[in-house]
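>>> I'll drop the sequence and a predicted model, then ask my questions.
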Amino acid sequence: MRAIVIPKNGPPSVFEERDMPDRRLAPKDLRISVEAAGVNFADLMGRVGLYPDAPPCPYAPGYEVAGVVTEAGDQVGAELAVGTRVMATTRFWGYADSVRCPEHWAVPLPDDVDFVTGAAVPVNYLTAYLALVHCGAAREGERVLVHGGAGGVGLAVLDLARPLGVDLYATAGSDEKCARLEALGVMKAFNYREVDYAEAARKHLRGGGFQVILDPLGPESFQKGLDLLEPLGRIVCYGFSSLVTGPKRKLWHAVTSVLKAHKVNPITLMNQNKGVHGLNLAQLFTQRALHRRAMGEMGRLLSAGQIQPTIDTTFPMTARGASDAHTYLHERRNFGKVVLARAP
Ligand SMILES: NC(=O)c1ccc[n+]([C@@H]2O[C@H](COP(=O)([O-])OP(=O)(O)OC[C@H]3O[C@@H](n4cnc5c(N)ncnc54)[C@H](OP(=O)(O)O)[C@@H]3O)[C@@H](O)[C@H]2O)c1
């Protein structure tokens, strides 16, 4: 296979195209010819060298793809037969012309959904769904705050929050992003570069707080989030974006940030009636039944037109395209999902 690899950790310019050996298929595996691959923040963390689960270099990043099944192990069901258009999660190696994955990571892509849209769904929507519905258990009428509201996960949360009838609030890094979020239905978006969002939220809510906070940022926002929770409120931690300060790793900053991570005291949680939940999607990929069910649900919502990912930009599936996509995300320019797509 031809892959877009990270030969060594470094800035976005490190990407190289290389021929890499094809992996052998197990009886329940598929090989997918990749038409589009989603770009995720974790890919940036892996590239700079701040993602402990990443394989040794050289490897290709990529947690999700859309494409066509070109090979299927002999225990793969008929619904994923050779020739089926699919979307799938992958564990690395999505930035390539083909990728192998177990069958329970893939679902058929509806006929009227293009590959770029398909590649934008798995990671952002599974994360948003599990964070909002399962871990956060958000209910109608509750106030939910999502950080990174204009990112891929943030906009997926907005998409899923609408039918639940929750009141969504968000933070984002510019007035323009905040205005766009509010135009899409966010009750109030706070530009964290201009205001202390915690103070602004308290003021806006006349002293009230949130029932659910979705936090992918890190220790500082976690502490603020705990303070902003209403009694019986839940905070869901699913990221550590604050570790990444730019296109290169700053090890000292990373180490001190990790050391600052708040130690949760169960007695305090008990006395304040607050809950903390962690979520790491990649660590759930091995939970076959859970992952299959959640992917099936995303497939159904997509078929029914109930989820519509916001695609910000599509870059070509080349080393240069991957480099430009990563630079774009480091510069925080995206409003929605960034995807790499094979030239037609
Ligand atoms: N645990 C899991 O299973 C899981 C799964 C998926 C994603 N995540 C996490 O969820 C977060 C969002 O992911 P995503 O895919 O939605 O992100 P994304 O689409 O790549 O969006 C990135 C956005 O995050 C904001 N941001 C905050 N801190 C940043 C930083 N240090 N460097 C660059 N951008 C930063 C920026 O927007 P603003 O400045 O406008 O806010 C930026 O536009 C990440 O922390 C990611 O690791 C976790």
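Sure, I can see it.
>>> Quick check: residues of the stretch 101-250 of the chain near the ligand?
Where proximity means CB under 6 Å from any ligand atom, the interface of the stretch 101-250 of the chain facing the ligand comprises 123-124, 127, 148, 150-154, 172-173, 177, 216, 238-239, 241-242, 244. Glycine gets a C-beta too; all of them are placed from N, C-alpha and C.
>>> in the stretch 201-344 of the chain, what residue is nearest the ligand?
Taking CB to the nearest ligand atom, the ligand has its nearest neighbour within the stretch 201-344 of the chain at Gly239, 2.6 Å off.
>>> Per-residue pLDDT of that residue, please?
At Gly239, the model reports a pLDDT of 92.
>>> surely it meets Pro216?
Yes: taking CB atoms under 8 Å as the contact criterion, Gly239 and Pro216 are neighbours in contact, 2.8 Å apart.
>>> Spit out the residues that contact those two alike.
Shared between the contact lists of Gly239 and Pro216 (criterion: CB atoms under 8 Å, 6 or more residues apart in numbering) are residues 41, 148.
>>> could you dump the strand or helix carrying Val123 to PDB, C-alpha only?
Counting by DSSP states H and E, the secondary-structure element that holds Val123 is helix 122-129. Extracted as PDB, the C-alpha positions of helix 122-129 are listed here (Å, rounded to 0.1, in the frame of the first residue of the first chain):
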ATOM      1  CA  PRO A 122     -17.000   7.900  12.700                       C
ATOM      2  CA  VAL A 123     -14.700   9.600  15.100                       C
ATOM      3  CA  ASN A 124     -16.400  12.900  15.700                       C
ATOM      4  CA  TYR A 125     -19.900  11.500  15.900                       C
ATOM      5  CA  LEU A 126     -19.000   8.400  18.000                       C
ATOM      6  CA  THR A 127     -17.200  10.700  20.400                       C
ATOM      7  CA  ALA A 128     -20.000  13.300  20.500                       C
ATOM      8  CA  TYR A 129     -22.600  10.500  20.900                       C
END
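>>> distance between the ends of stretch 330-344?
Looking at stretch 330-344, the gap from its leading to its trailing residue is 27 Å under the measure CA to CA, to the nearest Å.
>>> Wait, Phe190 touches Lys203, no?
No: under the criterion of CB under 8 Å, Phe190 makes no contact with Lys203, lying 10.3 Å away.
>>> Between those two, which is the more surrounded one?
Higher neighbour count among Phe190 and Lys203: Phe190, with 24 against 11, using other CB atoms under 10 Å.
>>> least trustworthy helix or strand in this structure by mean pLDDT?
Every helix and strand in the chain was compared by mean pLDDT, DSSP states H and E; the lowest is helix 251-260, with a mean of 74.
>>> I'd like the next helix or strand past that helix.
Beyond helix 251-260 in the direction of the C-terminus, DSSP H and E gives the next helix or strand as helix 266-272.
>>> any idea how far that following helix is from the chain center?
Between the mean C-alpha location of helix 266-272 and the chain-wide mean there is a distance of 30 Å, by CA atoms, centre = their mean, to the nearest Å.
>>> contacts for it?
With contacts defined as CB under 8 Å, 6+ apart, helix 266-272 is touched by 226, 229, 231, 275-276.
>>> In the residues you listed, which residue is surrounded by the most others?
Counting neighbours by other CB under 10 Å, Leu229 leads the contacts of helix 266-272 with 21 neighbours.
>>> Tell me if I'm right that that one and Gly208 touch.
No: counting by CB under 8 Å, Leu229 sits too far from Gly208 to count as a contact (10.8 Å).
>>> isn't there a helix covering Glu230?
No: according to DSSP: H, G, I helix; E, B strand; the rest coil, the state of Glu230 is strand, so it is not within a helix.
>>> What is the neighbour count of it?
Applying other CB under 10 Å, we find 17 residues neighbouring Glu230.
>>> Look up the closest residue to it, ignoring the ones flanking it.
Gly209 (4.5 Å; CB to CB, 6 or more residues apart in numbering).
>>> Check what pLDDT that neighbour gets.
Looking at Gly209, the pLDDT reads 97.
>>> next one: phi and psi at it?
Gly209 adopts backbone torsions of phi -140, psi -150, taken as degrees, to the nearest 10.
>>> So it is in contact with Lys203, correct?
No: judged on CB under 8 Å, Gly209 makes no contact with Lys203 at a distance of 11.9 Å.
>>> ok, and what's touching the helix holding Val123?
For helix 122-129, using CB under 8 Å, 6+ apart, the contacting residues are 38, 40, 63-64, 87-89, 152-153, 155-157, 159-160, 238, 279, 281, 294-295, 297-298, 301, 307, 309, 337.
>>> rerun at 6 Å
Helix 122-129 is contacted from outside by 38, 40, 63-64, 87, 89, 152-153, 156-157, 160, 281, 294, 298, using CB atoms under 6 Å, 6 or more residues apart in numbering.
>>> Tell me the secondary structure of the nearest residue to Leu168 once chain neighbours are set aside, please.
Excluding its sequence neighbours, the residue lying closest to Leu168 (CB to CB, 6+ apart) is Ala161, at 4.6 Å. In three-state terms, and counting by three-state DSSP, Ala161 is helix.
>>> go on, Leu168?
Assigned with three-state DSSP, Leu168 falls in the strand class.
>>> Lys203 too?
Secondary structure of Lys203, reduced to three states by three-state DSSP: helix.
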